[in-house]
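Trainee: Only the shape, not the letters, is given here:
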């Protein structure tokens with residue numbers, strides 16, 4: 001499933017890994033010669049390595065980091081929308097005000 005999601009996003013599987021996690025370095029996952037199978041094994045053993053959320057909607061598939069990227073995959077927003085930290089993302093007319 002992860003290989004399919006990566007393909008639908010249009011990125012290599014490696015781009016879905018959290019490279020700042022200590023376990024990433026400990027496992028030597030920086031090695032560009034590692035196969036997708038090796039990366040999948042690491043993800044299975046250490047789910048914390050998976051960058052998320054990966055959102056799937058009829059409009060597409062995307063790794064939504066930062067979180068406001070999900071707006072592009074949802075039906076048009078009605079009214080204002082704020083992130084959990086209070087940052088305004090969509091104004092009262094449904095127009096995006098923050099860049100993703």
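Mentor: Alright, I've got the coordinates. These figures come from a predicted structure and were not determined experimentally. Residues are numbered from 1 along each chain as shown.

Trainee: Now do the buried residues in stretch 33-53.
Mentor: 34, 39, 42, 43, 46, 49, 50 (16 or more other Cβ atoms under 10 Å). From N, CA and C alone the C-beta is placed, and that goes for glycine too.

Trainee: The last one and residue 18 touch, don't they?
Mentor: Yes. Applying Cβ atoms under 8 Å, one finds residue 50 in contact with residue 18, separated by 7.0 Å.

Trainee: need the buried residues of stretch 33-53 in CSV with pLDDT, distance to residue 68 and secondary structure, can you?
Mentor: Formatted as CSV, those follow (pLDDT from 0 to 100; distance: Cβ to Cβ, whole Å; DSSP: H, G, I helix; E, B strand; the rest coil):
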residue, pLDDT, distance to residue 68, secondary structure
34, 97, 32, coil
39, 98, 28, helix
42, 98, 29, helix
43, 98, 25, helix
46, 98, 27, coil
49, 98, 24, helix
50, 98, 20, strand
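
Trainee: Residue 11 belongs to a helix?
Mentor: No. Read with DSSP: H, G, I helix; E, B strand; the rest coil, residue 11 is coil and lies in no helix.

Trainee: What's the separation between it and residue 93?
Mentor: 33 Å (Cβ to Cβ, to the nearest Å).

Trainee: Spit out the contact partners of residue 73.
Mentor: 55, 57, 59, 60, 62, 64 (Cβ atoms under 8 Å, 6 or more residues apart in numbering).

Trainee: make it 6 Å
Mentor: Applying Cβ atoms under 6 Å, 6 or more residues apart in numbering to residue 73 gives the contacts 55, 57, 59, 60, 62.

Trainee: same thing with residue 49?
Mentor: So residue 49 contacts 17, 18, 21, 42, 43 (Cβ under 6 Å, 6+ apart).
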